[in-house]
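> my questions concern the predicted model and sequence given below.
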Amino acid sequence: MEEGNLNKEEPLVSILIPAYNHEKYIDDLIDSLLAQTYRNLEIFIADDNSLDQTYEKILAREPEIKREYPKTYVWHNECNKGITANLNGMLRRCTGKYIKILASDDFFVIDAIRSLVTYMEENPNVGLVFGNGIMGDENTHFPVSIEEQSQMYYEKPINIEDNYLEKLYEGDFILAPGVLFSRKAYEEIGEFDEKLWAEDWDFYLRIAEKMKIAYINKIVVMYRILLTSGSHSADVRNRIGMRKSEIEVLNKHKPYVEATLGERLLYERSNVAFKEAFDMRSNLFLSEVNFLMKKYKIKKTLCNKILYFSYKTILRNILFT
């Protein structure tokens, strides 16, 4: 596409694509990028040392992407940095007024960027906006028809106008692939926290503490649910990481919400994690959760006190083989 065909009044949008082991799906994302009705985009694709042919597929299509979007940058990490560090690397390089992140196994609907940017331009006090998405699996490919029978992430429009910060603190209800945020918001709060597994929830909370967030009732993405996804894995390591991160995020943002809410949620979520660790008979999981409960002075329920007593006695050798 010629530079002269760009609408100079359209603000630049940075598309950040962290790619890893998605050779079966990366073409869907690239096809959806090329089909966008919004044209003033800069594209960053960072392959995080994939073990399959993801990077090779991206390289094969890089010239095609650059013809449509001259500001396209593709690279390959020599070692696996993890999604958060990979994202932060792209954030430091991007220059758009708005920033859109999408994983390499998801894809856009055709008017996605235009719908999100239009809302942000009309509501300059908003730091982050998100839309709805179609739920898909390994057999879902671009393009998809948006039909009533399609399974949507949000079955009904959601209202976050009132107390959106406390609602977000109670649980991350934001569909991550549907998010667009402003450079102003990013410059205000900084990068993703690489110490957290729930880095997106923490990032959204930090924006909500400074600016307004909003939802538009439009489908903007196809969100692919894979059994290998970290958030849907039963692996003990993933479970430990997510539960620990949830406790860390709740404690980190407790000063910004009503005191009793913060105390109640920390108490409830920590005790649920403790019981879960005990039921899984995981020494590592239990010790990690117990450490955080001591660190943040979170009391155990009576049931968990009894379980912990049994864990500390000779029963540990029987229960935790």
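Arrived safely, thanks for sending. Residues are numbered from 1 along each chain as shown.
> what is the longest helix along the chain packed up against?
Secondary structure assigned by DSSP state H gives helix 259-279 as the longest helix of the chain. Using 3 or more CB pairs under 8 Å, 6 or more residues apart in numbering; DSSP states H and E as the contact criterion, the neighbours of helix 259-279 among helices and strands are helix 164-170, helix 236-253, helix 283-295, helix 302-312. C-betas here are computed from N, CA, C, even on glycine.
> export those to JSON lines and tack on distance to residue 213?
JSON lines is the format used below for the helices and strands packed on helix 259-279 (distance: least, CB to CB, whole Å):
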{"stretch": "helix 164-170", "distance to residue 213": "6"}
{"stretch": "helix 236-253", "distance to residue 213": "14"}
{"stretch": "helix 283-295", "distance to residue 213": "28"}
{"stretch": "helix 302-312", "distance to residue 213": "35"}
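> wait, which of those is closest to residue 59?
For those, distance to residue 59 was read as CB to CB. The smallest value, 30.3 Å, belongs to helix 236-253.
> next one: that closest one to chain centre, how far?
What separates the centre of helix 236-253 from the centre of its chain is 14 Å, taken as CA atoms, centre = their mean, to the nearest Å.
> flag every buried residue along that helix.
239-251, 253 (16 or more other CB atoms under 10 Å).
> with those residues in mind, which one is nearest to residue 164?
Using CB to CB, residue 253 is the member of these that lies nearest residue 164, at 13.3 Å.
> and the strands in the protein?
Counting by DSSP state E, the chain has strands at residues 13-19, 41-47, 72-76, 98-101, 107-108, 126-136, 179-182, 212-224.
> and the ones you listed as CSV, adding mean neighbour count?
Output for the strands of the chain, formatted as CSV (neighbours: other CB atoms under 10 Å):
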stretch, mean neighbour count
strand 13-19, 24
strand 41-47, 23
strand 72-76, 16
strand 98-101, 23
strand 107-108, 28
strand 126-136, 23
strand 179-182, 23
strand 212-224, 21
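> in JSON lines, list these along with mean pLDDT and distance to residue 30.
What follows is the strands of the chain, written out as JSON lines (pLDDT from 0 to 100; distance: least, CB to CB, whole Å):
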{"stretch": "strand 13-19", "mean pLDDT": "98", "distance to residue 30": "9"}
{"stretch": "strand 41-47", "mean pLDDT": "98", "distance to residue 30": "9"}
{"stretch": "strand 72-76", "mean pLDDT": "98", "distance to residue 30": "11"}
{"stretch": "strand 98-101", "mean pLDDT": "98", "distance to residue 30": "15"}
{"stretch": "strand 107-108", "mean pLDDT": "98", "distance to residue 30": "9"}
{"stretch": "strand 126-136", "mean pLDDT": "97", "distance to residue 30": "16"}
{"stretch": "strand 179-182", "mean pLDDT": "98", "distance to residue 30": "19"}
{"stretch": "strand 212-224", "mean pLDDT": "96", "distance to residue 30": "14"}
